[in-house]
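1. Just the structure for this:
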Amino acid sequence: MPSSPRIVVVGSANVDLTTFTDAFPRPGETIFGREFHLGFGGKGANQAVAARLCGAEVSMVARVGDDLFGPATIRNFEARGIDASRVLITAGVSSGVAPIFVDSAGENRILVVKGANDKLSPADIEGSGDLLRRADFIILQLEIPLETVYYTLEFARKHGVRTILNPAPAQPLDREQAGKADYLIPNETEAREVGPRSSWAADCRFIITVGANGAVLVAADGAERHVPAFPVTPIDTSGAGDAFIGSLACFLASGMDELQAIARSNLYAALSTLARGTQSSFVSRERFEREWQARTPATG
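-> From the prediction side, this is the model:
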């Protein structure tokens, strides 16, 4: 594997509108929040930033609107060293937005308006074919049309490119189509929608993220390998799952075995909860390696 693996993320790019509050409002109730933050997000974009910070060469395939947020989103990718040549501005459509509410315990509730993300099409995948064929991993999520997700998985399998599918937000899937992913990575809630491991193709690897408990690698026969988390006191858990997936793609593409890559991604995700925001909370590879050495002295 190359020292700097090539990752392509096909997915969403949003602007996050995050409100910090002591409690979530009840139906019909108006309360005051403590703080507001506007930042760049979207599951796809977050995963791209995490992979880039971990040392990968990253390209993004996405659509944004022709509003104020669209060009700003492209500039954010470029400023982070992410190739945005296939991030297309879509006329007459808003960019994706995600109002996020975070309580005093660090738990979040998120409402996503897909906007231009919903216009990413199979034709856009064909137009990005040269880029995708050179990738070591392609990462996908479900904030873009399912038709485009399935098309990308079929394209990747045809050209021998490994894929990660994050089935989020949870929704019904065609298991034959989605099962063409090399890795399916849901959280506990999404895993209930995904259904039992036995109902999926044997060559589709399952990794279930379980928050503060780490992650579970599930074999085709249902056997589970639990990879424990690294204890932290979270400030904001927004984007932790994206931090896990983006870093995992980088670690796997760098040649690490699955259990070591999952352990590292558990730590990378945990570190992301120690600051507010999504992309803004992701740490550099240098910071990660210092933490890894400090927390795993026996393994180095």
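
2. Surely Leu271 and Val232 touch.
-> Yes - if you go by CB atoms under 8 Å, Leu271 and Val232 touch, sitting 7.3 Å apart. Where C-beta positions appear, they are placed from N, C-alpha and C, glycine not excepted.

3. Ala229 in helix, strand or coil?
-> With DSSP: H, G, I helix; E, B strand; the rest coil as the basis, Ala229 sits in coil.

4. Need the nearest residue in space to Ile31, chain neighbours excluded.
-> Pro25 (4.9 Å; CB to CB, 6 or more residues apart in numbering).

5. right, I mislabeled it, should have said Pro228
-> Closest to Pro228 by CB to CB, 6+ apart is Gly214, at 4.6 Å.

6. So what does the one you found look like in phi/psi?
-> Backbone torsions of Gly214, given as degrees, to the nearest 10, read phi 100, psi -130.

7. who touches it in this structure?
-> Taking CB atoms under 8 Å, 6 or more residues apart in numbering, we find Gly214 in contact with His226, Val227, Pro228, Ala229, Asn266.

8. follow-up on the earlier one: Arg264 versus the residue nearest to Ile31, what's the distance?
-> According to CB to CB, to the nearest Å, Pro25 and Arg264 sit 38 Å apart.

9. Comparing the two, which shows the higher neighbour count?
-> Arg264 (25 against 12; other CB atoms under 10 Å).

10. Would it be right to say that that one lies in a strand?
-> No - read with three-state DSSP, Arg264 is helix and lies in no strand.

11. List the contacts of it.
-> Ser247, Leu248, Phe251, Met256, Phe288, Trp292.

12. rerun that using 10 Å as the cut-off
-> Contacts for Arg264 (CB atoms under 10 Å, 6 or more residues apart in numbering) come out as 54, 227, 230, 244, 247-248, 250-252, 254, 256, 288-289, 292, 296.

13. Need the buried ones from those residues selected in PyMOL.
-> In PyMOL, this line selects whichever of these come out buried by 16 or more other CB atoms under 10 Å:
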select buried, resi 54+227+230+244+247+248+250+251+252+254+256+288+292
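
14. What's the first helix or strand after the least confident helix or strand in the chain by mean pLDDT?
-> Ranked by mean pLDDT, DSSP states H and E, the weakest helix or strand in the chain is strand 108-110, scoring a mean of 83. Downstream of strand 108-110, the first helix or strand assigned by DSSP states H and E is helix 122-127.

15. re earlier: from the contacts of Arg264, which has minimum pLDDT?
-> Across those, the bottom pLDDT score, 84, is held by Thr296.

16. Can you list the low-confidence ranges for the stretch 151-300 of the chain?
-> Along the stretch 151-300 of the chain, the parts satisfying pLDDT under 70 run over 297-300.

17. which residues of it fall in helices?
-> Secondary structure of the stretch 151-300 of the chain (DSSP state H, counting those that start in this stretch): helices located at 175-178, 188-194, 240-253, 258-272, 285-295.

18. I'd like the ones you listed laid out as a markdown table, including distance to Leu88.
-> Shown next, in a markdown table, are the helices of the stretch 151-300 of the chain (distance: least, CB to CB, whole Å):
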| stretch | distance to Leu88 |
| --- | --- |
| helix 175-178 | 24 |
| helix 188-194 | 28 |
| helix 240-253 | 21 |
| helix 258-272 | 28 |
| helix 285-295 | 29 |
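
19. Would you mind finding the most buried of those?
-> Mean neighbours per residue, mean count of other CB atoms under 10 Å, is largest over the helices of the stretch 151-300 of the chain for helix 240-253, with a mean of 28.

20. Against Arg225, how distant is the residue nearest the centre of the chain?
-> Among the residues of the chain, the one closest to the centroid is Asp242, at 3.2 Å (CA atoms, centre = their mean). Separation of Asp242 from Arg225 (CB to CB) stands at 23 Å.

21. ok, now Gly11?
-> In this view, Gly11 and Arg225 are 27 Å apart by CB to CB.

22. Could you check which of those two has the larger neighbour count?
-> Gly11 (29 against 13).

23. Against Pro71, how distant is the nearest residue to that one once chain neighbours are set aside?
-> Of all residues not flanking Gly11 in the chain, Gly44 sits nearest, at 2.3 Å (CB to CB, 6+ apart). Using CB to CB, Gly44 is found at 18 Å from Pro71.

24. Give me the more crowded residue out of those two.
-> The residue with more neighbours, out of Gly44 and Pro71, is Gly44; 28 against 14, by other CB under 10 Å.
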